[in-house]
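below is the sequence, then the predicted model.
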Amino acid sequence: MTANSTVLQDLPADLMRERLPRHVAVIMDGNGRWAKRRGMPRIMGHRRGVDVLKDLLRCCRDWGIEALTAYAFSTENWGRPVEEVEFLMTLFERVLRQELREMMQENVRIQFVGNLNALPKSLQEEIERSMAATQNNSGIRFTVATNYGGRQEIVQACRAIARKVEQGLLQPEQIDEALFERHLYTCGTCDPDLLIRTSGEMRISNFLLWQMAYAEIYVTDTLWPDFDRKEFHQALCDYQQRERRFGKL
Ligand code: FPP
């Protein structure tokens with residue numbers, strides 16, 4: 001059996017293969033609340049959140065979705081209690097170390113977007129290692145936004161372009177949307193078609209501001225640690241009902 005026939009078999013019968021999003025982005029909200037409701041420390045919600053993300057990645061791969069992007073840590077998240085920030089940094093590092101072998105086996109290509117230089121050195125090393133090891137994998141593209149802010153991303157792109165203009169490498173008239181996109185962290189990945197946000201909040205919270213221009217937004221009250229394949233299936237059914245006009249009639 002080929003990998004492709006597996007994909008077709010696994011896709012639920014009520015989903016149309018030709019109308020699947022190519023790229024799904026997720027804001028994984030509600031970990032803290034999930035833990036609190038169970039009388040557990042917030043970090044337990046993050047821990048459980050990792051398992052949910054792993055399963056979603058696998059599900060996207062099984063169903064033939066090309067790219068998944070997850071908002072793991074925003075530029076604003078440094079404002080959380082220091083113990084929680086430290087826990088998250090250690091968690092990212094540990095998960096990367098533990099999952100690399102499986103990502104290779106499953107042909108996942110992982111990349112990180114954000115201001116990575118500000119992350120702990122040991123995490124930066126793990127990030128570099130995982131990106132280098134998986135860069136030639138041809139399966140699903142998994143992007144993790146870490147110390148990421150949409151406004152910050154746009155500002156850094158402006159700076160890079162301004163520098164080229166200053167050096168005479170570029171004329172201002174040559175700056176168009178395609179050139180601008182090439183200076184974003186996400187260069188090379190198609191824009192998200194579907195943004196899923198858990199835990200009921202109706203915001204995009206500085207996530208992929210440029211790239212989200214025409215994304216369909218799906219918000220569920222379910223907290224991230226409870227977001228399972230059934231919920232994802234529901235989000236995709238909803239997405240397939242949408243009429244995407246991209247500003248046209
Ligand atoms: C938001 O819930 C969640 C986060 C800020 C962290 C999400 C990170 C993960 C699930 C780990 C991903 C790991 C890798 C390696 C990609 P919250 O804490 O804001 O929840 P609350 O709104 O209930 O307080």
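Yep, that arrived. Numbering: from 1, shown residues only.

for Leu91, which non-adjacent residue is spatially closest?
His46 (6.1 Å; CB to CB, 6 or more residues apart in numbering). For the C-beta atoms, the positions are set from N, CA and C on the backbone; glycine is no exception.

ok, the one you found - contacts?
Shown here is His46, whose contacts under the criterion CB atoms under 8 Å, 6 or more residues apart in numbering are 31, 87-88, 91.

what of Leu56?
26, 68, 227, 232.

any idea how far the third one lies from Ile27?
Distance from Phe227 to Ile27, counting by CB to CB, to the nearest Å: 11 Å.

between the two, what contacts are shared?
Joint contacts of Phe227 and Ile27 (CB under 8 Å, 6+ apart) are 196, 198.

and the residue nearest to Leu91, that's in a strand?
No: checked against DSSP: H, G, I helix; E, B strand; the rest coil, His46 lies outside a strand; its state is helix.

find me the pLDDT at it, would you?
Here, the pLDDT recorded for His46 equals 98.

same question, the one 4 residues further on
Model confidence at Val50, expressed as pLDDT, equals 98.

with Leu249 instead?
76.

and if you look at Val7?
51.

now the spatially closest residue to Leu223 that is not a sequence neighbour. Its backbone dihedrals?
For Leu223, ignoring the flanking residues on the chain, the nearest one in space by CB to CB, 6+ apart is Gly30 at 3.2 Å. Phi and psi for Gly30, reported as degrees, to the nearest 10, are phi 110, psi 10.

repeat for Asp191
Main-chain dihedrals, Asp191, degrees, to the nearest 10: phi -60, psi 150.
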